[in-house]
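**Student:** The amino acid sequence is not available; the structure is as follows:
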């Protein structure tokens, strides 16, 4: 019995804006699993189980988006 393949993706972007000579603002966007793909867990490998060969779990987390802002002076 083999486990389905694992796809691990992440994405990040930031924009830096300078207001004055010494004041800078930074906007950030960070995403894990941006395409919201499902990666299934391993199947049950116990021969005596009624659910032998069935996949009943998910191996990754759903899409996670995080925004941030940082002021540097």
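**Tutor:** Ah, there it is. Quantities reported herein were computed from a predicted structural model and do not represent experimental measurements.
**Student:** what about residue 25, which helix or strand?
**Tutor:** If you go by DSSP states H and E, residue 25 is part of strand 24-32.
**Student:** Can you name the residues in contact with the helix or strand following that strand?
**Tutor:** Heading C-terminal from strand 24-32, the first helix or strand you meet, by DSSP H and E, is strand 64-72. Judged by Cβ atoms under 8 Å, 6 or more residues apart in numbering, the contacts made with strand 64-72 from elsewhere in the structure are 23-33. Where you see a C-beta, it was placed from the backbone N, CA and C, and this is true even at glycine.
**Student:** Just list the residues touching the closest residue to residue 5 other than its chain neighbours, thanks.
**Tutor:** Nearest residue to residue 5, sequence neighbours excluded (Cβ to Cβ, 6 or more residues apart in numbering): residue 39, at 7.8 Å. Taking Cβ under 8 Å, 6+ apart as the contact definition, residue 39 lies against 4-7, 58-60.
**Student:** now do residue 27
**Tutor:** Taking Cβ under 8 Å, 6+ apart, we find residue 27 in contact with 14-17, 67-69.
**Student:** Equivalent analysis for residue 8, please.
**Tutor:** Under the criterion of Cβ under 8 Å, 6+ apart, the neighbours of residue 8 are residue 60.
**Student:** Could you check how far the residue nearest to residue 5 is from residue 59?
**Tutor:** As defined by Cβ to Cβ, to the nearest Å, residue 39 lies at a distance of 5 Å from residue 59.
**Student:** what's the answer for residue 50, then?
**Tutor:** With distances defined as Cβ to Cβ, the gap from residue 50 to residue 59 amounts to 22 Å.
**Student:** Who has more neighbours out of these two?
**Tutor:** Here residue 50 and residue 59 are set side by side on neighbour count (other Cβ atoms under 10 Å), and the busier one is residue 59, at 13 against 7.
**Student:** quick one: contacts for the residue lying closest to residue 33 once chain neighbours are set aside?
**Tutor:** Setting aside the residues directly before and after it, residue 33 is nearest to residue 63 in space (Cβ to Cβ, 6+ apart), at 5.0 Å. With contact taken as Cβ under 8 Å, 6+ apart, residue 63 is in contact with 31-36.
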